[in-house]
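Engineer: Sharing a model prediction with you, sequence too.
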Amino acid sequence: MRQLAIFGGTFDPIHWGHLLIAETALNQVSIEQVIWTPSFHPPHKKAAEFEHRLAMLQLATRENSAFTVSLTEVNRGGNSYAIDTLINLSALYPNTHWYWIAGLDTFQTLPRWYRRHELATMCDWLIAPRLLSGENIAQSESICKQVEKQLEKQLVTIRWQILHTPLVRVSSSLIRNLCRERKLISHLVPEEVRYYITAHNLYSDESE
């Protein structure tokens, strides 16, 4: 049975923190492949056009053979729900033990997710601590245990573990703000992504 991980998100834009999380998952859990699934139409966020986010994601991941970018969400259309993504990918990759990579903030919202009762039990969860806050592993585990208890009250059982990622002080919102202020982002994103953002004038006041 293969071991594959889904890394879903808006990736607006992808940055070194995302890549570090995916690399950590590959090494920590012996995952064969990370399948990146950019949200086509995030239900709770305003984001850059999907074509731009997809292009940057493809540029940032193309050098790693263990990374694959999936178009399952754009092919499906409509709102991006995690359960639909997992069902679609399970059909494409049968006989697979699934992991779902999620940031701590995202994982905290799992008790409110659409069809969470099904989703929570269909995969193991790999939780990335907040990259900007400096929270230690013990603090992150405490938060995850609180989420686990909330789900237990909903009669949902979940398997999770913390990803031991080095602290990287970067977030997509930080990058977008720096772009609006016309400040350097070369230390936060791969060079190909920085060039793409500049070439397409993304995240500047003029682009909105």
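Structural biologist: Now that the structure is in, tell me what you want to look at.

Engineer: Which strands and helices lie in contact with the longest helix out of those in the chain?
Structural biologist: Longest helix in the chain by number of residues, with DSSP state H as the criterion: helix 137-153. For helix 137-153, the packing partners by 3 or more Cβ pairs under 8 Å, 6 or more residues apart in numbering; DSSP states H and E come out as helix 104-108, strand 160-162. Every C-beta, even on glycine, is put in place using the N, C-alpha and C of the backbone.

Engineer: can I get these in JSON lines with mean neighbour count?
Structural biologist: What follows is these, written out as JSON lines (neighbours: other Cβ atoms under 10 Å):
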{"stretch": "helix 104-108", "mean neighbour count": "17"}
{"stretch": "strand 160-162", "mean neighbour count": "17"}
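
Engineer: out of these, nearest to Trp125?
Structural biologist: strand 160-162 (4.0 Å; Cβ to Cβ).

Engineer: Describe which strands the closest one pairs with in its sheet and in which direction.
Structural biologist: Sheet pairing for strand 160-162, assigned by DSSP bridges, gives strand 124-128 (parallel).

Engineer: on that earlier part again, and the longest helix of the chain with strand 124-128, angle?
Structural biologist: Per axes from the mean of the first three to the mean of the last three Cα atoms, to 10 degrees, the angle that helix 137-153 makes with strand 124-128 is 140 degrees.

Engineer: Could you pull up the residues touching the closest residue to Leu184 other than its chain neighbours?
Structural biologist: Nearest residue to Leu184, sequence neighbours excluded (Cβ to Cβ, 6 or more residues apart in numbering): Leu178, at 7.3 Å. Leu178 makes contact with Leu184, Ile185, Leu188 under the criterion Cβ atoms under 8 Å, 6 or more residues apart in numbering.

Engineer: List buried residues within those residues.
Structural biologist: Ile185, Leu188 (16 or more other Cβ atoms under 10 Å).

Engineer: can you map out the helices along this protein?
Structural biologist: 16-29, 50-61, 72-76, 82-92, 104-108, 116-122, 137-153, 172-180, 191-199.

Engineer: Next, the buried residues of the first one.
Structural biologist: Buried residues in helix 16-29, counting neighbours by 16+ other Cβ under 10 Å, are found at Trp16, Gly17, His18, Leu19, Leu20, Ile21, Ala22, Glu23, Thr24, Ala25, Leu26, Val29.

Engineer: With the longest one instead?
Structural biologist: Of the residues in helix 137-153, those buried by neighbour count under the rule 16+ other Cβ under 10 Å are Ser140, Glu141, Ile143, Cys144, Val147, Glu148, Leu151.

Engineer: any idea which of these is the one closest to Trp113?
Structural biologist: Looking across these and measuring by Cβ to Cβ, the closest to Trp113 is Leu151, at 10.2 Å.

Engineer: What's the per-residue pLDDT of the closest one here?
Structural biologist: You'll see Leu151 listed with a pLDDT of 96.

Engineer: Isn't it up against Arg112?
Structural biologist: No. Under the criterion of Cβ atoms under 8 Å, Leu151 makes no contact with Arg112, lying 10.6 Å away.
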